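Peer 1: With the input below, show me the fold.
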Amino acid sequence: MNYMKLYPVIGYLLLTACTSTRITHSWKSDIPTKNYNKILVLAISGETDLATRQKMEDHLVGDLTTQGYHATSSLKEYGPRAFRQLNEEAVVNKLQNSGFDAVITIVLLSKEKERYYVPGQPYYSPYVGYYRNFYGYYTTIYSRIYTPGYYVTDTKYFWESNLFDVTSKELIYSVQTESFDYTSSDMLAHEYGKMIVNDMVKKQVLIKKELVAKDSHPGNPAFR
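Peer 2: Here you go, the predicted structure:
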């Protein structure tokens with residue numbers, strides 16, 4: 001078997017085995033940390049992709065619940081047109097009447113495709129074991145030179161989440177993330193929710209409350 005031919009494949013598998021989402025920037029205001037009682041999770045998207053919206057909301061709700069917070073999906077609470085054609089005062093009143101004192105938004109800012117070339121043999125190896133005779137050297141180098149490369153197209157998704165205080169209407173926290181091609185919307189939502197909540201707890205945006213069983217929240221894929 002020519003193991004050198006497997007290196008590009010192995011490299012690609014290692015790359016895709018890693019998490020597909022990473023935080024590129026996050027910010028916290030100087031406003032003192034507040035103990036929120038009820039948080040609304042609102043993914044802002046078109047009505048053509050309600051399934052992904054529901055998953056994004058559910059997983060973030062689940063991860064907030066794991067931290068001891070009372071959180072609710074906007075889609076489940078209000079439906080797909082929660083605040084359409086409402087002015088600011090009406091929106092705030094609607095939230096407060098439902099008991100919400102904070103809102104976390106999820107927005108897909110943009111997505112872009114990136115095409116890059118993966119060489120047939122992506123890195124140099126001296127092939128020391130084959131230098132001892134001409135035939136070994138010749139066949140190894142020939143294989144390396146004539147192993148074709150290939151193009152890979154990845155899609156990058158740029159997301160943003162913001163935490164707003166309903167009473168003061170102030171922006172408390174903002175985070176931007178970058179997601180690469182993911183195997184499923186469930187996987188994306190799972191990674192995203194966990195990453196955002198962990199960052200908010202780390203930056204003390206949220207007060208860490210008594211934890212509940214991690215596997216009991218509605219965003220866990222095992223409960224789908």
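Peer 1: and after the helix or strand of the chain with the lowest mean pLDDT, which helix or strand comes next?
Peer 2: For the chain, using mean pLDDT, DSSP states H and E, the weakest element among its helices and strands is helix 7-17, scoring a mean of 41. Later in the chain than helix 7-17, the nearest helix or strand by DSSP states H and E is strand 21-28.
Peer 1: tell me the mean pLDDT for the helix or strand where residue 196 lies?
Peer 2: If you go by DSSP H and E, residue 196 is part of helix 185-202. Confidence over helix 185-202 (mean pLDDT, whole number) is 90.
Peer 1: Can you give me the buried ones in it?
Peer 2: Neighbour-count burial for helix 185-202 flags 185-197, 199-200 (criterion: 16 or more other Cβ atoms under 10 Å). Glycine gets a C-beta too; all of them are placed from N, C-alpha and C.
Peer 1: Now do it against strand 21-28, angle only.
Peer 2: Interaxial angle, helix 185-202 versus strand 21-28 (axes from the mean of the first three to the mean of the last three Cα atoms, to 10 degrees): 30 degrees.
Peer 1: Sketch out the low-pLDDT regions of the protein for me.
Peer 2: 1-19, 116-151, 181-183, 209-224 (pLDDT under 70).
Peer 1: Tell me where the chain has strands.
Peer 2: Along the chain, counting by DSSP state E, strands occupy 21-28, 39-44, 71-73, 102-118, 150-165, 171-179.
Peer 1: circling back to that earlier point, next, the angle strand 102-118 makes with the helix holding residue 196.
Peer 2: Using the same axes, to 10 degrees: helix 185-202 against strand 102-118 is 120 degrees.
Peer 1: Check which helices and strands helix 185-202 sits against.
Peer 2: The helices and strands touching helix 185-202, judged by 3 or more Cβ pairs under 8 Å, 6 or more residues apart in numbering; DSSP states H and E, are strand 21-28, helix 50-66, strand 150-165, strand 171-179.
Peer 1: and residue 80, which of these is closest to it?
Peer 2: Nearest of those to residue 80, taken as Cβ to Cβ: helix 50-66 at 6.0 Å.
Peer 1: coming back round to it: tabulate the strands of the chain (JSON lines), appending distance to residue 60 and mean neighbour count.
Peer 2: Shown next, in JSON lines, are the strands of the chain (distance: least, Cβ to Cβ, whole Å; neighbours: other Cβ atoms under 10 Å):
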{"stretch": "strand 21-28", "distance to residue 60": "13", "mean neighbour count": "14"}
{"stretch": "strand 39-44", "distance to residue 60": "5", "mean neighbour count": "23"}
{"stretch": "strand 71-73", "distance to residue 60": "7", "mean neighbour count": "22"}
{"stretch": "strand 102-118", "distance to residue 60": "7", "mean neighbour count": "14"}
{"stretch": "strand 150-165", "distance to residue 60": "8", "mean neighbour count": "16"}
{"stretch": "strand 171-179", "distance to residue 60": "12", "mean neighbour count": "19"}
